[in-house]
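Novice: what shape does this take:
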Amino acid sequence: MEARSIVDEVTAGPRMSDPVELVPEMAEVSAALFKAVGNHTVARTTISLVHLRAGQIVGNTYLTVLHTGFLRKAGESEERITAVSSWRDAPCFTPAERAALALVEAVLLPSAHGD
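Specialist: Model prediction:
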């Protein structure tokens with residue numbers, strides 16, 4: 001029997017539609033952020049933590065598996081990788097990482113007030 005990865009098993013689509021469909025300006029914002037972090041002022045580990053959290057929020061297994069792998073390859077502990085989904089309660093993140101994780105949640109999580 002051929003081994004299959006978890007990504008091969010996923011049949012459900014993401015829980016959230018493409019944010020650019022909802023807010024077309026997001027494409028420009030996303031491109032600007034990508035350019036800004038590309039100059040290495042933000043640690044690659046922090047970027048992968050943010051991408052992992054984004055994948056979790058939107059229900060994208062591909063992003064979740066990809067960035068979990070990147071973090072493992074970079075030497076991140078299983079504790080930190082696992083704690084991304086509950087980062088607010090985890091003591092293992094730096095203030096800069098917490099700010100980045102809060103930002104990705106502010107952008108991707110629906111507002112309780114419907115905004």
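
Novice: in stretch 59-75, what's buried?
Specialist: Judged by neighbour count using 16 or more other C-beta atoms under 10 Å, the buried positions of stretch 59-75 are 60-61, 63-68, 70-71. (Glycine included, C-beta is placed from N, CA and C.)

Novice: where do the strands of this structure begin and end?
Specialist: Assigned by DSSP state E, the strands in the chain number zero.

Novice: what are the ranges of the helices in it?
Specialist: 6-9, 19-22, 26-37, 44-58, 61-73, 78-83, 95-108 (DSSP state H).

Novice: can you tell me what sits against stretch 34-44?
Specialist: 47, 74, 96, 100 (C-beta atoms under 8 Å, 6 or more residues apart in numbering).

Novice: so what does the second one look like in phi/psi?
Specialist: Phi and psi for Ala74, reported as degrees, to the nearest 10, are phi -80, psi 0.

Novice: nearest residue to it other than its sequence neighbours?
Specialist: Closest residue to Ala74 apart from its sequence neighbours, by C-beta to C-beta, 6 or more residues apart in numbering: Thr45 at 5.7 Å.

Novice: how far away is the one you found from Ile81?
Specialist: 11 Å (C-beta to C-beta, to the nearest Å).

Novice: in contact with His51, which residues are there?
Specialist: 63, 66-67.

Novice: next one: it from Ile57, what distance?
Specialist: From His51 to Ile57 the distance is 11 Å (C-beta to C-beta).

Novice: ok, Ala43 next?
Specialist: For Ala43, the distance to Ile57 - C-beta to C-beta - is 21 Å.

Novice: before we move on, back to that, reformat the buried residues of stretch 59-75 as CSV; add distance to Gly38 and pLDDT.
Specialist: Formatted as CSV, those follow (distance: C-beta to C-beta, whole Å; pLDDT from 0 to 100):
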residue, distance to Gly38, pLDDT
Asn60, 22, 89
Thr61, 26, 91
Leu63, 18, 89
Thr64, 22, 93
Val65, 23, 94
Leu66, 18, 93
His67, 17, 94
Thr68, 22, 96
Phe70, 16, 94
Leu71, 19, 97
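
Novice: so where's the chain uncertain?
Specialist: Along the chain, segments meeting pLDDT under 70 span 1-19, 37, 114-115.
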